[in-house]
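S.K.: please work out how this folds:
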Amino acid sequence: DVFENPQHDYTKSLLSAVPKLGEMLGKKYPEPMKLLGENTKSSKPLVGTDEVLLEVKNLVTRFPVAGGLLRRTVAQVHAVEDVSFSIKRGCTLALVGESGCGKSTVGRSLLRLVEPLSGEVRMAGKDVLKLPKDELRNIRSDMQMVFQDPFASLDPQMLLLDQVAEPMRNFSTLAESSIEARVEGLFERVELPKSFLRRYPHELSGGQRQRVAIARALALNPKLIIADEAVSALDVSVQAQVLNLMMELQSELELSFLFISHDMAVVERVSHDVGVMYLGRLVEIGSRQAVFSNPQHAYTKALMSAVPIVDPTKKVLEGDLKFKQIPSPIHPLDYEAEKPKYKEVTEGHFVLTSDCGY
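M.R.: Numbers count the residues shown, from 1 in each chain. Have a look, this model is predicted:
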């Protein structure tokens, strides 16, 4: 009865905040969620542009495995294997897959927080992977990151004012006298009161801390934000508010997002394009509309069947889920990975046809 006929306004608002798979069926572009009791600033679809902002080609990232008495490298973890995609200005590409599939490593590789083995990452006509340290530092001002756990990514001993101001001080983008006013403006943009400027992270809730992390990412006016599981640790009502905030900022500032998530329902709501990852490879990629209305790869279908449904009468039984055990991504040093082969299903919609272990 609670799910079918909720009576209290708070129960209704909670249920309205849960992203539901299939809500965006027939809609070409993402749009903010309609939450009960809240005015969404912009409920218009986010059209984006056709201008390519970031292009990734054949990205490979591996991690050494040490062994023996001398702790020599005896094997490698193939975390990202021959991944290619592009992100358009003002658009969101979502990378989705289960834990350990390599999606977060892709995001970190783009910023060279981990060093890729090979490939190309082109931003503003430059290959990020070949830039010397000083040029890499400059281009990072255009590419910022929002991490999954804001309590871990914010310094517990620094005032929030100083944490959001720190990127501007590092890059000397503003005079010291103008920085506080700029931080106040950023707090207003992410809907936080000015009184929070002189608070510490532990004095805020999880959703408020994530808004601070978003404000810090916006401080340098970036063109691309990599959101690594940025809402997965939040409860549903706060998650919906933060998702709407990100889409409103995208509409106002023409931001591009690489949205990394394991939640297909959230991905369907926010993305223009979707890449599904399994064991370090893209197994399917295309427009959100194409991937969700016509999933081709068995793993994509399995992910969609596993999305929780807010209706006990339609729940999926564990026996109905057709997930296979994940093979080990660790291979000997002389192992040569097979080149991926893709089939174009419709224009821009590709599915992996070579073996990926699933």
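
S.K.: for Val283, what are its contacts?
M.R.: 276-277, 297, 299-300, 351-352, 356, 358 (C-beta atoms under 8 Å, 6 or more residues apart in numbering). From N, CA and C alone the C-beta is placed, and that goes for glycine too.

S.K.: assumed it was part of a strand.
M.R.: Yes - applying DSSP: H, G, I helix; E, B strand; the rest coil, one finds Val283 inside a strand.

S.K.: where's Val121 relative to Glu252, distance?
M.R.: According to C-beta to C-beta, to the nearest Å, Val121 stands 26 Å off from Glu252.

S.K.: more neighbours: the two, which one.
M.R.: Legend: neighbour count by other C-beta atoms under 10 Å for Val121 and Glu252, higher for Val121 (23 against 11).

S.K.: residues near the nearest residue to that one once chain neighbours are set aside, how many?
M.R.: The shortest distance from Val121 to any non-neighbouring residue, by C-beta to C-beta, 6 or more residues apart in numbering, is to Val128 (4.2 Å). Residues lying near Val128 (other C-beta under 10 Å) number 23.

S.K.: and Val128, backbone torsions?
M.R.: Dihedral angles of Val128 (phi, psi; degrees, to the nearest 10) stand at phi -60, psi -30.

S.K.: what sits against it?
M.R.: Val128 touches 110-112, 121-122, 136, 139, 143, counting by C-beta under 8 Å, 6+ apart.

S.K.: give me the element Val351 is part of.
M.R.: Here Val351 is covered by strand 349-352, with elements defined by DSSP states H and E.

S.K.: ok, residues contacting that strand?
M.R.: Against strand 349-352 from outside (C-beta under 8 Å, 6+ apart): 281-287, 290-291, 294, 296-297, 340-345.

S.K.: tell me where the stretch 51-200 of the chain has helices.
M.R.: Here the stretch 51-200 of the chain has its helices, by DSSP state H, counting those that start in this stretch, at 103-110, 133-139, 150-153, 160-171, 176-189.

S.K.: of the contacts of Val283, which pair is most distant in space?
M.R.: The most widely separated members of the contacts of Val283 are Met277 and Val351, with 13.1 Å between them, by C-beta to C-beta.

S.K.: of these two, which one has the most company?
M.R.: Taking neighbours as other C-beta under 10 Å, Met277 and Val351 compare with Met277 leading, 26 against 21.
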